[in-house]
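>>> Just the structure for this:
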Amino acid sequence: MDVSKLFYPSMAEALEAEAKAKKKKNGANKIGSIGRLPTPSIHYQPHVSATSNPYNFTNVFALFGENKNKILFSDMEGHSSTYNTELHSFMIMPDLNSPKGPNCLAAHITRTAAHARYDFDIRPDVDYDFFAYNPHGEHTDSLYLMDMDQGKPSSFELLAYYPVGEWQWCSLPLPPFFDDPEHKACNNISYAVIDGTRICISSATATYSFDTVALEWSKIGDWVLPFHAKAEYIPELKLWLGLSASSPSDLCALDLSTAAMDSCDVLPMVHHVGLDADLPEG
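Model (predicted):
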């Protein structure tokens with residue numbers, strides 16, 4: 001569904017709607033509502049029927065693309081496809097090297113000439129000139145998937161388009177905390193994309209950064225991100241905003257820019273935003 005319809009385009013329009021609601025006798029400060037959810041546009045089911053494999057069920061959905069117009073779907077056996085919401089079309093993708101489970105990180109990164117330059121250094125079969133002169137071409141979208149269960153051989157993978165071989169899944173270096181025998185996969189995966197090239201993710205005790213250009217991990221500090229799941233960057237605020245892990249009904253924000261994160265021994269200042277909302281009963 002198009003979630004943009006759930007929010008006002010600007011603060012000014014939201015305040016105007018609130019003011020109009022207060023003038024109504026029975027407004028009760030309600031500034032807009034949705035009578036019912038829109039009719040589903042597409043339906044998904046496992047690539048393998050339940051008859052032949054009763055344990056097969058849909059596992060992973062992920063949004064990617066600069067306009068978030070691509071939906072990746074992968075089932076329990078690693079079969080994957082994407083649906084383009086703008087073109088209203090499906091495209092079959094290669095199978096994952098290792099199927100991903102429900103505890104999966106999904107991060108979209110727009111590929112740049114820097115990514116292609118590194119590919120050229122380590123993969124001579126990749127046409128570097130294609131990316132060097134077309135850094136914002138048709139196939140610059142890439143998707144990073146990491147299953148938090150470290151027992152799988154290719155827990156961390158990248159889906160990217162290469163002029164030689166087209167779309168491919170490539171295995172990536174595993175995070176350092178996978179070597180910790182005490183590490184356990186959890187439902188809450190706190191992570192964010194920083195400066196368009198780095199994926200910042202927390203384990204149970206520390207926070208690490210993955211450089212998508214150099215394909216290297218580094219430890220940021222012995223603290224964890226305060227978010228429940230992914231945090232989104234808000235350009236107007238220059239902050240990363242997400243649901244609070246400690247208070248699910250609230251939001252929190254902090255500065256995760258490179259300048260704020262370098263040599264950061266403690267968690268950057270967290271801004272808590274309480275939501276004064278009447279939640280549905282139950």
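>>> Grab the most central residue of this structure for me.
In the chain, the centroid-proximal residue (C-alpha atoms, centre = their mean) is A107; its distance is 3.6 Å.
>>> any idea how far that one lies from D250?
Computed as C-beta to C-beta, to the nearest Å, the A107 to D250 distance reads 24 Å. Glycine gets a C-beta too; all of them are placed from N, C-alpha and C.
>>> on that earlier part again, so who does the residue nearest to the centre of the chain touch?
Contact partners of A107, counting by C-beta atoms under 8 Å, 6 or more residues apart in numbering, are L143, Y144, Y191, V193, I199, K230.
>>> Please report how far the nearest residue to S98 once chain neighbours are set aside lies from L275.
Distances taken as C-beta to C-beta, 6 or more residues apart in numbering place S154 nearest to S98, at 3.7 Å, with adjacent residues excluded. S154 sits 39 Å away from L275, going by C-beta to C-beta.
>>> What backbone torsions are found at the nearest residue to S171 once chain neighbours are set aside?
Excluding the flanking residues, the one nearest S171 by C-beta to C-beta, 6+ apart is S154, at 4.4 Å. Here the main-chain torsion angles of S154 (degrees, to the nearest 10) amount to phi -130, psi 70.
>>> how much space between C170 and P94?
In terms of C-beta to C-beta, C170 sits 10 Å off from P94.
>>> Apologies, that question was intended for T82.
11 Å.
>>> quick one, helices of the stretch 1-150 of the chain?
Along the stretch 1-150 of the chain, counting by DSSP state H, counting those that start in this stretch, helices occupy 11-23, 113-122, 128-133.
>>> With just CA atoms, put the longest one into CSV.
Once side chains and other backbone atoms are set aside, the C-alpha atoms of helix 11-23 remain, and they are given as CSV (Å, rounded to 0.1, in the frame of the first residue of the first chain):
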residue,chain,number,x,y,z
MET,A,11,3.9,20.4,8.8
ALA,A,12,1.9,23.4,7.6
GLU,A,13,-0.8,21.2,6.1
ALA,A,14,-1.0,19.0,9.2
LEU,A,15,-1.4,22.0,11.5
GLU,A,16,-4.1,23.4,9.2
ALA,A,17,-6.0,20.2,9.2
GLU,A,18,-5.7,20.0,13.0
ALA,A,19,-7.1,23.6,13.3
LYS,A,20,-10.1,22.7,11.1
ALA,A,21,-10.8,19.6,13.2
LYS,A,22,-10.9,21.6,16.4
LYS,A,23,-13.5,24.0,15.0
